[in-house]
Structure formats: structure tokens, C-alpha cells
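*Asks:* from the sequence below, what's the structure:
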Amino acid sequence: MIRDRGNIKWTAMMLPEHLRLLREWQEEEGRREPLEPDPQQMEEWDRMLHEALEYGKPLSVSSRGERCCTGAVHHFDPASGTIRMVGVDGEPAVIRTSDVTGISTIG
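*Replies:* Sure, this is the predicted structure:
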């Protein structure tokens with residue numbers, strides 16, 4: 001089934017500028033990411049962070065802007081909303097929890 005929202009049948013009567021704007025709008029709608037993860041996902045990430053702190057497990061944390069940090073969690077402060085990590089290359093990284101899009105364990 002084609003999900004055209006009624007636009008396909010009207011394209012013959014539209015100006016090229018309108019068609020271009022409609023295509024841009026549809027692409028933008030398709031690229032939209034969820035703004036906030038659901039509460040269950042937040043609880044799972046919280047559990048992973050606390051386990052990584054307690055047992056020294058390495059994590060991979062991805063954030064908005066396609067930034068990803070892999071390494072050991074050095075400090076997690078829920079009050080200030082920051083995660084401090086030491087990457088596998090030894091470089092320190094500070095990630096805001098509001099920017100986190102995914103957390104996964106390594107190994």
C-alpha cells in the first residue's frame with residue numbers, strides 16, 4: 001500500500017516549487033529521530049552505567065551528532081547530567097545525558 005497522504009493525485013496540478021517543498025518536507029519527516037527515549041530504555045541505560053562503574057565494564061555510548069565514545073566509565077553524575085569516560089585511546093570524554101542516543105556493553 002502506498003502511503004502518499006493524498007499527495008500523489010495532486011502533483012500534476014502543482015507548481016515545481018511546491019513539489020520541491022513537499023519532497024523536502026517528506027525527507028525531513030523521515031529523518032526525524034525520537035527526541036527522548038522511553039522510561040524503560042532510560043532504566044536499562046541507568047543499570048548499564050551503574051554496572052560499568054561497579055565492575056569496570058567497558059561501554060559504548062553514542063550521542064547526538066553521530067559522536068560515539070567507547071571505554072570505561074569514570075564518573076556518572078545524574079544530578080548534573082554528565083557521564084565522564086576514559087576512551088580506549090586514553091582520551092577523556094564528557095557526555096551530557098540529554099544527548100545520549102544509545103548505550104551498549106562491549107564484550
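
*Asks:* hey, where'd the strands end up in the chain?
*Replies:* 58-63, 67-77, 82-87, 92-96, 100-105 (DSSP state E).

*Asks:* what's near enough to touch G87?
*Replies:* By CB atoms under 8 Å, 6 or more residues apart in numbering, G87 lies in contact with 69-71, 93. For glycine as for every other residue, the C-beta is placed from the backbone atoms N, C-alpha and C.

*Asks:* ok, which pair from the residues you listed is furthest apart?
*Replies:* Maximum pairwise distance among these (CB to CB): 9.5 Å, between T70 and A93.

*Asks:* who's in contact with R96?
*Replies:* 63, 81-83.

*Asks:* go again using 6 Å as the cut-off
*Replies:* If a contact means CB atoms under 6 Å, 6 or more residues apart in numbering, then R96 has 81-82 as its contacts.

*Asks:* what bridges to it?
*Replies:* Beta-bridge partners for R96, by DSSP bridges, are T82.

*Asks:* okay, it and S63: tell me how far apart.
*Replies:* As judged by CB to CB, to the nearest Å, R96 and S63 stand 8 Å apart.

*Asks:* what is the neighbour count of A79?
*Replies:* Residues near A79, counting by other CB atoms under 10 Å, number 5.

*Asks:* distance from stretch 18-30 to the middle of the chain?
*Replies:* 23 Å (CA atoms, centre = their mean, to the nearest Å).

*Asks:* send me it as PDB with only the CA atoms.
*Replies:* Only the C-alpha atoms of stretch 18-30 are listed here, as PDB (Å, rounded to 0.1, in the frame of the first residue of the first chain):
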ATOM      1  CA  HIS A  18       5.500  23.300  -4.400                       C
ATOM      2  CA  LEU A  19       6.700  19.800  -5.400                       C
ATOM      3  CA  ARG A  20      10.200  20.500  -4.200                       C
ATOM      4  CA  LEU A  21       9.000  21.800  -0.900                       C
ATOM      5  CA  LEU A  22       6.800  18.700  -0.500                       C
ATOM      6  CA  ARG A  23       9.700  16.400  -1.200                       C
ATOM      7  CA  GLU A  24      11.900  18.300   1.300                       C
ATOM      8  CA  TRP A  25       9.200  18.100   3.900                       C
ATOM      9  CA  GLN A  26       8.700  14.300   3.400                       C
ATOM     10  CA  GLU A  27      12.500  13.700   3.700                       C
ATOM     11  CA  GLU A  28      12.600  15.800   6.900                       C
ATOM     12  CA  GLU A  29       9.700  13.800   8.400                       C
ATOM     13  CA  GLY A  30      11.600  10.600   7.600                       C
END
